[in-house]
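Visitor: sequence first, then the predicted structure, then my questions.
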Amino acid sequence: MGKKKNRLKTPKQKPFAAPGSLTYIGKEVFEKTLIQLTVYNQETCDLAMIQQLDDLKPDFNDRLSWLDVDGVHEPAVIEHIGKKYQLHPLLLEDVLNTTQKPKIELFEEENQLFVVLKMLHFDEENLEIEAEQISLILGKSFLVSFQEQDQTDIFVAIHERIKQATSRIRKFESDYLLYALIDLIVDHYYILLEKLTEKLETLEANVLNDPKAEHQNQIYNLKKEMAFMKRNILPLRDIIGTLIREDSELVGNKVNVYLRDVHDHVIQTLETLDSYREMADSIMNNYHASLSNKMNSVMKTLTVFTVLFMPLSFIAGLYGMNFVNMPELENPNGYFYALGAMALISIGLWFYFRWKKFV
Amino acid sequence: MGKKKNRLKTPKQKPFAAPGSLTYIGKEVFEKTLIQLTVYNQETCDLAMIQQLDDLKPDFNDRLSWLDVDGVHEPAVIEHIGKKYQLHPLLLEDVLNTTQKPKIELFEEENQLFVVLKMLHFDEENLEIEAEQISLILGKSFLVSFQEQDQTDIFVAIHERIKQATSRIRKFESDYLLYALIDLIVDHYYILLEKLTEKLETLEANVLNDPKAEHQNQIYNLKKEMAFMKRNILPLRDIIGTLIREDSELVGNKVNVYLRDVHDHVIQTLETLDSYREMADSIMNNYHASLSNKMNSVMKTLTVFTVLFMPLSFIAGLYGMNFVNMPELENPNGYFYALGAMALISIGLWFYFRWKKFV
Amino acid sequence: MGKKKNRLKTPKQKPFAAPGSLTYIGKEVFEKTLIQLTVYNQETCDLAMIQQLDDLKPDFNDRLSWLDVDGVHEPAVIEHIGKKYQLHPLLLEDVLNTTQKPKIELFEEENQLFVVLKMLHFDEENLEIEAEQISLILGKSFLVSFQEQDQTDIFVAIHERIKQATSRIRKFESDYLLYALIDLIVDHYYILLEKLTEKLETLEANVLNDPKAEHQNQIYNLKKEMAFMKRNILPLRDIIGTLIREDSELVGNKVNVYLRDVHDHVIQTLETLDSYREMADSIMNNYHASLSNKMNSVMKTLTVFTVLFMPLSFIAGLYGMNFVNMPELENPNGYFYALGAMALISIGLWFYFRWKKFV
Amino acid sequence: MGKKKNRLKTPKQKPFAAPGSLTYIGKEVFEKTLIQLTVYNQETCDLAMIQQLDDLKPDFNDRLSWLDVDGVHEPAVIEHIGKKYQLHPLLLEDVLNTTQKPKIELFEEENQLFVVLKMLHFDEENLEIEAEQISLILGKSFLVSFQEQDQTDIFVAIHERIKQATSRIRKFESDYLLYALIDLIVDHYYILLEKLTEKLETLEANVLNDPKAEHQNQIYNLKKEMAFMKRNILPLRDIIGTLIREDSELVGNKVNVYLRDVHDHVIQTLETLDSYREMADSIMNNYHASLSNKMNSVMKTLTVFTVLFMPLSFIAGLYGMNFVNMPELENPNGYFYALGAMALISIGLWFYFRWKKFV
Amino acid sequence: MGKKKNRLKTPKQKPFAAPGSLTYIGKEVFEKTLIQLTVYNQETCDLAMIQQLDDLKPDFNDRLSWLDVDGVHEPAVIEHIGKKYQLHPLLLEDVLNTTQKPKIELFEEENQLFVVLKMLHFDEENLEIEAEQISLILGKSFLVSFQEQDQTDIFVAIHERIKQATSRIRKFESDYLLYALIDLIVDHYYILLEKLTEKLETLEANVLNDPKAEHQNQIYNLKKEMAFMKRNILPLRDIIGTLIREDSELVGNKVNVYLRDVHDHVIQTLETLDSYREMADSIMNNYHASLSNKMNSVMKTLTVFTVLFMPLSFIAGLYGMNFVNMPELENPNGYFYALGAMALISIGLWFYFRWKKFV
Ligand SMILES: [Mg+2]
Ligand SMILES: [Mg+2]
Ligand SMILES: [Mg+2]
Ligand SMILES: [Mg+2]
Ligand SMILES: [Mg+2]
Ligand SMILES: [Mg+2]
Ligand SMILES: [Mg+2]
Ligand SMILES: [Mg+2]
Ligand SMILES: [Mg+2]
Ligand SMILES: [Mg+2]
Ligand SMILES: [Mg+2]
Ligand SMILES: [Mg+2]
Ligand SMILES: [Mg+2]
Ligand SMILES: [Mg+2]
Ligand SMILES: [Mg+2]
Ligand SMILES: [Mg+2]
Ligand SMILES: [Mg+2]
Ligand SMILES: [Mg+2]
Ligand SMILES: [Mg+2]
Ligand SMILES: [Mg+2]
Ligand SMILES: [Mg+2]
Ligand SMILES: [Mg+2]
Ligand SMILES: [Mg+2]
Ligand SMILES: [Mg+2]
Ligand SMILES: [Mg+2]
Ligand SMILES: [Mg+2]
Ligand SMILES: [Mg+2]
Ligand SMILES: [Mg+2]
Ligand SMILES: [Mg+2]
Ligand SMILES: [Mg+2]
Ligand SMILES: [Mg+2]
């Protein structure tokens, strides 16, 4: 987890544009937007890639439809879809702005529920967590999902499940499909938690073995990633809470038991993140403690050596003086007496150090 | 409380499974699941070990039944029981997942109350607190309890009490049995509090006598254990609060006075944990204070010796110079004057140290 | 306030006893329980020491009665009283457990209000605050008070007041008696606040004069005492708040103005404790600041002496070398030149120190 | 802002007195209580100093009256006024206790509103903030104000305004007079804020120029004053909030727009105090940072000099040895080679220091 | 971001003035107040600069009017406008006081909604954030906006939009105009966020490359700017929340979807500021960590050199003594033995350092 750039993802706005004007705000993407339409009920299920936007019609007599849009970088495409499904311009503005924070909003006039949330990926290359914005619009008989375009369509697993006639999605209304998509995203959070566990445990072991200055940096970076993750997940708790309390034509109470389950998982994710933060603080404390122990040991070594040799060197210097009359120097055993005095002083200081608990 | 592995018990999920699919998530267990059925009313009480799951029938004309399941590692067994008692698949998913956090949930359709809580054991070997997940399902005339399998069935005490015709359990509905099981678990928390008291007091005494680097580590580990304990107990406060407010067919108001008592004990446990955390912080402060006093003493010793001998050694060096013309050296008393100057300097520095409060 | 043992008063429970079984939990007491009964109305007032528990009858046709029980260490006595006044077993369990935290509880069936609070004494011997548990049960026409037995009956002042026919207690219902007892206990808290003021001011003065390592310990101990006091007083705020909001047969609104007064005092006590904690932190800061100033002064002294004498000693050593050809040594004024160079270096370093603000 | 005594103003109570007994608690005052009565309506306005308490009658047929009492140290006087205006004994107890915290209380039976607040003065002599307790009692057609007696009657400005027939006070009910008095007190808080601004800015400049140990003390004292100020102002926010929500005969909704204005100012004062606390913390941080920079510089100087001269002195010592056979000493250029080696070592160490960024 | 003066913008009041008296409180301005009136409905739109205040009439039969006042430093002008639009004196007092904090207030009698908020500019010269007070008064068919006068009228963009017949402002009521002005101000906050991003990233890079004492100062200044910004934006969250909940003749529910959008942006701004504060703390931590690493390195260098040369110099001193009988000195290889001993000691100490991890 080296030095990073661009971590400070400042939310952006187009300052002087009128509200509801559409501009893509996000990382550069060059691919074409992929649009997949799934029309289903308990008996039948048809999937198709949409090539011509003009063919798109939101109504399918009593069947439910799911429009999965992979890519939000082409305002014209989004606007076109917006018109077909009568989506509010402010809603589309948020879909195009990938710095939008997670939220839920009911567009009463259109009778649509708008949910923004964040898929989180672990970028193995830069060792950081990447957020992909997912926007979901739930209408009476349809659901539109928008995802930022990258390597893969994360909703593949749901597409697979929906094809099976026995799948619960086929038996419920579109609100269950909304739940299934949210559940999939939340399940991915657990994969990130395991990555974090791994990194924290490695770091803890390293700090205990041989603490280095770089470890401190690594802990800070880990804490930044965790804070980033928390900021992106925290709003989801209230979003799902709102869905549970909601009891409308759009989100019925039948799906509540499922929403409570995913709510539970979001809360567990957040609590785990909190306990990881405590863990990171504790590793940091260990780091500082062992550093401070080392410095104490350095200081004691310095003191012991200095205090030991200062008097000895002084005696040596004393008898190196060139005065004409220094009786000790004339004594044939003077040298040996001096050596004896030095030995006595050394022993005395040693006991002094033991008493002072320096050694 | 040495170095530990696996303390970071990350909650786990099966990312791409459909909601409600059953997989055991927990430590490996090889024993067979033990199932004990108790059927009772005020007059009669029958206990039996269930060998054949097919014989199990949840209804016992007007008598209450308690199914105590020891072991949640066999999905097939749990699923079988789930079908007999009409338990919701999401409920069973949570029973099998031993990383589930404590919670209460009402399954309205099934008219069942689902409570997850944590039995806490002190593992004397690894010197850490182990959590065992307890799931309780309260139905109209039955209670099903699931516990992780380990050395012992913790509900033995309740089994004993229920056998006695005078026991209050026999006179009340199944909600009192739910209370009795929760009360037993909460009573165990006090045993852990006493263990913590003991460890904190030993640690405090050790730090006061002779603070060592290892003590710091021990305090951190103790704080981790306390945080782990708090995380597992805290949700119980609201769970019991919910039971008290609840006034349904399942949990009547007659049992409220008992629930308030156990609520009281949970709060007391949590407050005690908080005051222990303060205590641990205070021990840590004492540790740092005495370490810092020691380092100050080291620095002062270094300074006093250096400052004392520097001038003396300089004088010695001065008269060790070999210039041809150094009048002092010729003086027959020069050596004694030099010794006298050194003595005066020593005395002067001593008073300087006293004035500066270095010694 | 030296080293203490037994400060960590862990709340205790009897783990495997059935709820409501009576065991005394508290410090050992050997005296007999003292029981004083006061029966009064506006006109008459009779006090008596109860020797025979069997004589006790809770009803006194229209007169109010107050049973003051001094000692809770004899379960049999408490159980007997419990039966006479129809007190709930769980209530008695709490009366006997002197580690119970302060609380209020309404026993609806019995139409009794149960209040637990803590009388706080300053133990001059061990320099610590001692808690004595007071349990009060308010019934329709009676009040039962339980206190732990020690040197004195704290309710003497109320007994004195009740004997006077003009006392307000005689004119009001039993709820005013409840208020009067709580007020007395709260009034005592102010005595402890004054003790703390005294100790804090002494400590502050000592730290300012001559900070010592032991002062740090004293501050920690004071903070522990304050935290202990706060833990015991804080619940009282909500307890009295509940009494004020309550408007039942037991606690009427006539007594509200008095309850608000004592509520006010509890809040003031708590706020004062908070400002004392800030004061203690500030003393601690002063302590650390002056310690750090002293260490800085030590380091500067070390540096100034070392830096000054290092070059001088080097020059002395240089001209102590025994090379055959050292022209300076031959110069008759060489010694004086060397002394001059040393003087110049000293002066130069002195200005360097002034510039660096080391001296 | 030097060392202070008596800053810890412990609230006081008379422990064993019956509730409502009157004792003055405050600093000693020897002057006579001054009592000024203003009776007014839109047309007329009469002011008088009351000499004889017996003449005092609270009713003035449809005219409003304001009794301004300067001095609360004479219980007899206060009690007399209390009887005339039917003030509750507990209310009078609070008026006499100058350690009472700010509060609002409705005496329902008497239909009186009781407000306690604190006038804050800056004591230029002791450089600390002094609190003067103001008690206001609002009745149906009167207002009684009590202030502690000191140099001046702070309500002079209101007395002046009330004399003018065009004043808004004359057109409104007594609730507006209550507002006007509170507004005056709150306006004074802004004067204290300016004093604090001045002190903080001076302190910041001094710390930036030349940080000294005494500055730390000054910051602590400033923070204490601010905390004292906050403690005295904070309750006022809720007091005025209560007045705004209140819509009774005593405080009508007509005065709401004015109360909201003063509410606004109280909140602004509190927010400013919070930002001052941050400012004080920031100055403290600057102080510590520059102290730590200085200590680092001291350590580096010590290290550079020691490391530089250690090897040089060693070489000098080496060639000061008196062995019979030391070839280098015999070499006629030995001395100059030694000097050269010393120079090379010095240069090498210099580059080493640069590389290590010590110099 | 150098040293600043006048950052402590103390809110000001005129202490002894009667409520509602008008005085300008703000920085000195000498220009004339500019007043622009826009009268519009869906079909027509007339703009005019007002030169004569007497011509001003607030009513325009069914057309909406917007009075944009640039400059609040002329009390006479503001008072005149206040009379024309029947604005409350307390409202005008707040308009003139540029230290007023953001707030919303409903003047019920006048049926006017009063909103104060802060435009924030980045002052490139002093490198600090400047606040400009904006006061908006929404009436039934008009909106009056007051802004402090400086270089430019910030509402130019809205003036441009309103001129276009297709603009949404022309189709909605005056509440949408209120929204549009608030939205413009909030959009500007994003520009400041980008400035802060830039500064934080530069600072982070600098601290990582070469931490200097001045960086610490820069971080403190940045945090002060952020705190200033937060203080000015935070109240806006509740202000807009109030507008959303409000459903009156003044602010209808049709504009809710737009208000929710700007509410969203305010919350995002605040959350971003919080994450910036964390970022600043993290930079500060990096700074301290690298400083502490450097000091450790200094201490180790000092210790290694001292410990290494102390024994060597002692040996040199030993054989520099002038005793008559020192056998080693007579030995022809004595010098070389001594050199060998010194080498051995050096090597031994080196291994000791490696073992102690000092080098
Ligand atoms: Mg815009
Ligand atoms: Mg992205
Ligand atoms: Mg994608
Ligand atoms: Mg899931
Ligand atoms: Mg729902
Ligand atoms: Mg689940
Ligand atoms: Mg799943
Ligand atoms: Mg487990
Ligand atoms: Mg088990
Ligand atoms: Mg229990
Ligand atoms: Mg209940
Ligand atoms: Mg109990
Ligand atoms: Mg029990
Ligand atoms: Mg029990
Ligand atoms: Mg006790
Ligand atoms: Mg007692
Ligand atoms: Mg009292
Ligand atoms: Mg009441
Ligand atoms: Mg009072
Ligand atoms: Mg009293
Ligand atoms: Mg006072
Ligand atoms: Mg006065
Ligand atoms: Mg004012
Ligand atoms: Mg009102
Ligand atoms: Mg105002
Ligand atoms: Mg005023
Ligand atoms: Mg301004
Ligand atoms: Mg302007
Ligand atoms: Mg906008
Ligand atoms: Mg609205
Ligand atoms: Mg938006």
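Guide: Alright, I've got the coordinates. Residues are numbered from 1 along each chain as shown, chains lettered A, B, ... in the order given. Ligands and ions are numbered 1, 2, ... in the order given.
Visitor: do you know how far the nearest residue to A:Ala17 once chain neighbours are set aside is from ligand 17?
Guide: Excluding its sequence neighbours, the residue lying closest to A:Ala17 (CB to CB, 6 or more residues apart in numbering or on different chains) is A:Thr23, at 7.1 Å. Bear in mind the C-beta positions are built from the backbone N, C-alpha and C, glycine included. Distance check for A:Thr23 against ligand 17: by CB to the ion, to the nearest Å, it reads 68 Å.
Visitor: same question for A:Asp70.
Guide: Noted for A:Asp70: a distance of 72 Å to ligand 17, by CB to the ion.
Visitor: I'd say that residue and A:Thr33 touch.
Guide: Yes. If you go by CB atoms under 8 Å, A:Asp70 and A:Thr33 touch, sitting 6.7 Å apart.
Visitor: in which helix or strand would I find the closest residue to ligand 16 within chain A?
Guide: Closest contact between chain A and ligand 16, by CB to the ion, is at A:Glu278 (43.3 Å). Assigned by DSSP states H and E, A:Glu278 falls within helix A:256-318.
Visitor: now do that helix: distance to the chain's middle.
Guide: In terms of CA atoms, centre = their mean, to the nearest Å, the centre of helix A:256-318 is found 23 Å from the chain centre.
Visitor: burial of the closest residue to chain D within chain A, as a residue count?
Guide: Closest approach between chain A and chain D, counting by CB to the nearest CB: A:Gly320, at 6.9 Å. Other residues within reach of A:Gly320, judged by other CB atoms under 10 Å in any protein chain shown, total 27.
Visitor: repeat that for A:Leu47.
Guide: 14.
Visitor: ok, A:Leu200 next?
Guide: If you count neighbours by other CB under 10 Å, A:Leu200 ends up with 20.
Visitor: helix or strand: which one has it?
Guide: A:Leu200 belongs to helix A:174-209 when assigned by DSSP H and E.
Visitor: got the angle between the helix or strand following that helix and helix A:174-209?
Guide: Next in sequence after helix A:174-209, counting helices and strands by DSSP H and E, comes helix A:213-245. Counting by axes from the mean of the first three to the mean of the last three CA atoms, to 10 degrees, helix A:213-245 points 160 degrees away from the direction of helix A:174-209.
Visitor: name the helices or strands packed onto helix A:213-245?
Guide: Contacts defined by 3 or more CB pairs under 8 Å, 6 or more residues apart in numbering or on different chains; DSSP states H and E place helix A:213-245 against strand A:103-107, strand A:112-123, strand A:128-138, helix A:174-209, helix A:256-318, helix E:256-318.
Visitor: am I right that the residue nearest to A:Ala17 sits in a helix?
Guide: No. According to DSSP: H, G, I helix; E, B strand; the rest coil, A:Thr23 belongs to no helix; its state is coil.
Visitor: list the buried residues in the helix or strand following the helix holding A:Glu278.
Guide: Once the chain leaves helix A:256-318, the next helix or strand it forms, by DSSP H and E, is helix A:327-330. Neighbour-count burial for helix A:327-330, with 16 or more other CB atoms under 10 Å in any protein chain shown as criterion, is recorded at A:328-329.
Visitor: does chain E sit close to helix A:327-330?
Guide: Yes. Using CB under 8 Å from any CB of the partner chain, we find that helix A:327-330 touches chain E at A:328-330.
Visitor: residues in contact with that helix: which ones?
Guide: Helix A:327-330 is contacted from outside by A:319, A:334, A:337-338, E:322-324, using CB atoms under 8 Å, 6 or more residues apart in numbering or on different chains.
Visitor: buried ones among those residues?
Guide: The neighbour count (16+ other CB under 10 Å) marks A:319, A:334, A:338, E:322-323 as buried among these.
Visitor: would you format those as JSON lines with pLDDT included?
Guide: Formatted as JSON lines, the buried ones among the contacts of helix A:327-330 follow (pLDDT from 0 to 100):
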{"residue": "A:Tyr319", "pLDDT": "95"}
{"residue": "A:Gly334", "pLDDT": "94"}
{"residue": "A:Ala338", "pLDDT": "95"}
{"residue": "E:Asn322", "pLDDT": "94"}
{"residue": "E:Phe323", "pLDDT": "94"}
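Visitor: okay, now the unreliable bits of chain A?
Guide: A:1-10, A:13-16 (pLDDT under 70).
Visitor: could you chop it up by domain?
Guide: Annotated domains of chain A cover A:23-289, A:298-355 [automatic domain parsing].
Visitor: just put those in JSON lines and tack on distance to E:Ala289.
Guide: Output for the domains of chain A, formatted as JSON lines (distance: least, CB to CB, whole Å):
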{"stretch": "domain A:23-289", "distance to E:Ala289": "5"}
{"stretch": "domain A:298-355", "distance to E:Ala289": "18"}
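Visitor: which among these is found nearest to ligand 10?
Guide: For these, the distance to ligand 10 is smallest for domain A:23-289, at 26.3 Å, taking CB to the ion.
Visitor: now do the contacts for the nearest residue to A:Tyr319 once chain neighbours are set aside.
Guide: Nearest non-adjacent residue to A:Tyr319, counting by CB to CB, 6+ apart: E:Met321, 4.0 Å away. E:Met321 makes contact with A:316, A:319-320, A:335, A:338, D:322 under the criterion CB under 8 Å, 6+ apart.
Visitor: near ligand 3, which residues of chain A?
Guide: With CB under 5 Å from the ion as the criterion, chain A meets ligand 3 at residues A:147, A:150.
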